[in-house]
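Chemist: Return a 3D structure for these sequence lines:
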Amino acid sequence: MHNTLNKTYKYFDLIMALFVAVLLISNISSTKIVALWKFTFDGGTLLFPLSYIFGDVLTEVYGYRRSRRVIWTGFACAGLMSVILMIVTALPAAGNWPYQEAFAHIIGLTPRIVAASLIAYLSGEFSNSYIMAKMKIWTKGKFLWARTIGSTLAGEGVDTILFVGIAFFGALPFSLLLAVFVSNYIFKCGVEILFTPATYKMVGFLKKAENEDYYDYKTDFNPFTVKI
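Modeler: The predicted model follows:
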């Protein structure tokens, strides 16, 4: 086990960048509710599960402390994006630009949506990373598939309940609210299960390339303890 906070890695920054990109793209895409076969979910659901896969990989290879820094980085970027979008929406449109109403309706974020997204994101990602790290110790590094799927079932459950509840409760009919929740949860967890072979390959490659396989035996799991 190495001190991951003082070690330089080849691919850590790349994975963090992909994690943040997936998060931001998913947040924008979530403004549209789509129907696919028998599922009804927000558009961000198509990509958002990848953030949990990246989160699993980060925790498995680099440890909870490194994952915590990435989660807070994603939170800061998502918060900045939300603030900028709200400011841009509030600014008066140029006289010859006829799309202000459409922009405000689709892209313009409300404080309620922003709060729902950020609260759900933090709660879900930290739940996922914590469970992943603890299960690695309990299983002595075995059964990676059980850790990735188990942590995602918990993390995505927390995330989906909080986001759907805070963002849409009272604004959507209960039947649609329930359909969005169930569809989102099933789809997100299904993606995690489907990508398990790819997760195995990514984890195996990174452990070898980075010479790292971190176990969080003495880690402070307080999500607000962030060491730069």
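
Chemist: who does Phe169 bridge with?
Modeler: Here Phe169 shows beta-bridge partners Leu172, assigned using DSSP bridges.

Chemist: isn't it right next to Leu177, touching?
Modeler: Yes. At 6.6 Å, Phe169 and Leu177 qualify as touching, with contact defined as CB atoms under 8 Å. All C-beta atoms are positioned from the backbone trio N, CA, C, and that covers glycine.

Chemist: So between these two, which is more surrounded?
Modeler: Leu177 (17 against 12; other CB atoms under 10 Å).

Chemist: Just confirm the more buried one is within a strand.
Modeler: No. Using DSSP: H, G, I helix; E, B strand; the rest coil, the assignment for Leu177 is helix, not a strand.

Chemist: Not counting the helix or strand bottoming out on mean pLDDT in the chain itself, show me its contacts.
Modeler: One helix or strand of the chain scores below all others by mean pLDDT, DSSP states H and E: strand 39-42, with a mean of 71. Residues outside strand 39-42 that contact it (CB atoms under 8 Å, 6 or more residues apart in numbering) are 29-34, 176, 179-180, 183-184, 186-187.

Chemist: What is the helix or strand just after that strand packed up against?
Modeler: Downstream of strand 39-42, the first helix or strand assigned by DSSP states H and E is helix 49-62. Packing partners of helix 49-62 (3 or more CB pairs under 8 Å, 6 or more residues apart in numbering; DSSP states H and E): helix 12-29, helix 64-90, helix 111-138, helix 144-168, helix 174-194, helix 196-210.

Chemist: Lowest mean pLDDT across these, which one is that?
Modeler: If the helices and strands packed on helix 49-62 are sorted by mean pLDDT, helix 174-194 sits at the bottom with a mean of 85.

Chemist: What is it packed up against?
Modeler: Under the contact definition 3+ CB pairs under 8 Å, 6+ apart, helix 174-194 sits against strand 39-42, helix 49-62, helix 144-168.
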